[in-house]
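*Asks:* I need the structure of the sequence given here:
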Amino acid sequence: MPPIYLNLGCADHPRQGFINIDLDAVGADVQWAPGQALPWEHGTLAGIYSAHFLQRLGRNQAIRLLHECRRALQPGGVIRLVCTDLEALIDDYLSNRGHPEAPGIGRGEWLNMAIRQHAWTFDAEELTRICTMVGLEPVAITEAGASSDPQLSGLDAPMPGQLVLEFRKTPRQLAADAQPLVSIVMPTYKTEHLYDALGSALNQTYRNLEILVCDDCPTDEIERICADLSQHDPRVRYVRNPDAGKDIGRLNHVLCLNEARGEFVKFLNDDDLLDLECVERMLDSFRRYPDVTLVTSKRQRIDQYGEPLADIAATQAPVADDSLIEGLSLGTALMQSQINFVGEPSTVMFRRADMLGITPDFMSVDQQPIAWASDVAIFLNLALRGNTVYLIQPLSSFRIHGEQCQVLYGAAAQGESRRCWAIMRDFWARHEFDKAI
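*Replies:* I've put the predicted structure just below:
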């Protein structure tokens, strides 16, 4: 089939070689209403051109439409967005630039008229943040009218005060023969179960690994253990946390992500265990499915001696078979149930690049650090960018014992936990990600 290009918001300017879509334009090939899914299968569209359409929608409608565009684009497909630039409007106002085409209209009246023509007016910063949030990566535009996709070049009518940005759907599916570096990152504090945890990492059937140990321990015991192991296996790398002791391990998790060198990140807490095929099985999911940002599995609760414990509500598998779960559905289920059925950090794997643009760090939502249930913050950010694979075979073991942070600080942190869950629920509901389309 020939590549499919979409002219999104064609108004009275339908274009040849494109499928023209609009809210109510007479010349459109397809009529679309806000809140509806785009009528194309996942990964169908080669490219999308949209001029002055997003500003006709409310902010949440625009975000959901951009999320739909990412879903419908082929891996590597480009979306070119043209909008009135909020920054240019304000600059005209502050610079007191006249508008000879509208005599008698002062700058304040002009600014109000210009903004009120739109349901929402974007600047480059906000539009880039939104597109990145839903899994579209910015593409540099080298010259006016030019596009990274020749089919989208030369379409813009030159106008002052116009914002033109391009974004690409990140190709996510791992090639069948790819052997990427995976960083098993270990935010460490205690040594009681450390040798067992390190052994489960070093003995993985997948061998292209680094085992990065970030040390929060007040003594040098963990450093000595790593120095000894690295003599026999150079994949072990040690980093001392310069902020050791300042929080309950949160900064150490951030250090792990920042220091990791692998394309993929696999967390492992110092008292947990990985199944020997964990990394290999999870990489297979990234090979099998396109547009996946998170792979997780059932996990086994164990006691301090490594003996199995019964499931609780959070560790019961949410699906009967290995499944691909759409990202917004996953996030909505987490927010509505307030049960972390996805797992602790030791349970999941994701691409490092997918988390680097989140501010102030990757365990934040709505630009607010999540101090408790921070793993759920990670999952929400990844759910916005793509889908999740859930494997029903337990590929990690989560150790329950008296020295866990959840045990030591759980009662004192109940208020903080409620606050963090409230931030995440508000973010999800405020953007209407919980509304089906």
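
*Asks:* How is this protein divided into domains?
*Replies:* Per automatic domain parsing, the structural domains of the chain span 4-169, 182-430.

*Asks:* From the centroid of the protein, which residue is nearest?
*Replies:* Centroid check for the chain by CA atoms, centre = their mean gives residue 382 as the closest residue, at 3.1 Å.

*Asks:* For residue 251, pull up the helix or strand it's in.
*Replies:* Taking DSSP states H and E as the definition, residue 251 sits inside helix 250-259.

*Asks:* Wait, a strand at the residue nearest to the centre of the chain?
*Replies:* No: counting by DSSP: H, G, I helix; E, B strand; the rest coil, one finds residue 382 to be helix, located in no strand.

*Asks:* I'd assumed residue 375 was in contact with it.
*Replies:* No: under the criterion of CB atoms under 8 Å, residue 382 makes no contact with residue 375, lying 10.8 Å away. Quick note: C-beta positions are derived from backbone N, CA and C, even for glycine.

*Asks:* just the helices in the stretch 201-350 of the chain please.
*Replies:* Secondary structure of the stretch 201-350 of the chain (DSSP state H, counting those that start in this stretch): helices located at 221-232, 250-259, 278-288, 327-337.

*Asks:* give me every residue that touches the closest residue in space to residue 256 that isn't next to it in sequence.
*Replies:* Excluding the flanking residues, the one nearest residue 256 by CB to CB, 6 or more residues apart in numbering is residue 185, at 3.8 Å. Contact partners of residue 185, counting by CB atoms under 8 Å, 6 or more residues apart in numbering, are 212, 214, 256, 257, 259, 260, 265, 266, 267, 268.

*Asks:* In the stretch 301-437 of the chain, where is pLDDT below threshold?
*Replies:* Regions of the stretch 301-437 of the chain meeting the criterion pLDDT under 70 cover residues 403-412.

*Asks:* try 90
*Replies:* 357, 371, 401-415, 436-437 (pLDDT under 90).

*Asks:* picking that back up, between residue 382 and residue 375, what contacts are shared?
*Replies:* Shared contacts of residue 382 and residue 375 (CB under 8 Å, 6+ apart): none.

*Asks:* related to what we said a few turns ago, by neighbour count, which of the contacts of residue 185 wins?
*Replies:* residue 266 (29 neighbours; other CB atoms under 10 Å).

*Asks:* State the distance from that residue to residue 212.
*Replies:* 10 Å (CB to CB, to the nearest Å).

*Asks:* Please apply the same query to residue 181.
*Replies:* 11 Å.

*Asks:* Look up the residues that both of those two are in contact with.
*Replies:* With CB under 8 Å, 6+ apart, residue 181 and residue 212 have common neighbours residue 261.

*Asks:* who touches both of residue 266 and residue 212?
*Replies:* Joint contacts of residue 266 and residue 212 (CB under 8 Å, 6+ apart) are 183, 184, 185.

*Asks:* what about the second one, which helix or strand?
*Replies:* When you say that, I think you mean residue 184. Per DSSP H and E: strand 182-188 holds residue 184.

*Asks:* Neighbouring strands - and their directions - for that strand?
*Replies:* Using DSSP bridges, the strands paired with strand 182-188 in its sheet are strand 209-215 (parallel), strand 264-267 (parallel).

*Asks:* can you tell me the average pLDDT over it?
*Replies:* The pLDDT scores in strand 182-188 average 97.

*Asks:* Just want the angle from the longest helix that the chain contains to helix 327-337.
*Replies:* The single longest helix within the chain, with elements called by DSSP state H, is helix 414-430. Relative orientation of helix 414-430 versus helix 327-337 (axes from the mean of the first three to the mean of the last three CA atoms, to 10 degrees): 140 degrees.

*Asks:* how about the CA coordinates for helix 414-430, as CSV?
*Replies:* This file holds the C-alpha atoms of helix 414-430, laid out as CSV (Å, rounded to 0.1, in the frame of the first residue of the first chain):
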residue,chain,number,x,y,z
GLN,A,414,1.2,7.3,55.5
GLY,A,415,0.4,11.0,55.2
GLU,A,416,3.2,11.5,52.6
SER,A,417,1.9,8.5,50.7
ARG,A,418,-1.6,10.0,50.6
ARG,A,419,-0.2,13.3,49.4
CYS,A,420,1.8,11.7,46.6
TRP,A,421,-1.1,9.5,45.4
ALA,A,422,-3.3,12.7,45.4
ILE,A,423,-0.8,14.5,43.2
MET,A,424,-0.8,11.6,40.7
ARG,A,425,-4.6,11.2,40.7
ASP,A,426,-5.1,14.9,40.2
PHE,A,427,-2.6,15.0,37.3
TRP,A,428,-4.3,12.0,35.6
ALA,A,429,-7.8,13.3,36.0
ARG,A,430,-7.0,17.0,35.3
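
*Asks:* Name the nearest residue to residue 351, ignoring sequence neighbours.
*Replies:* Among residues not flanking residue 351 along the chain, residue 264 sits closest, at 5.8 Å (CB to CB, 6+ apart).

*Asks:* how near is residue 246 to residue 356?
*Replies:* Going from residue 246 to residue 356 by CB to CB gives 22 Å.

*Asks:* Check residue 75 too.
*Replies:* 20 Å.
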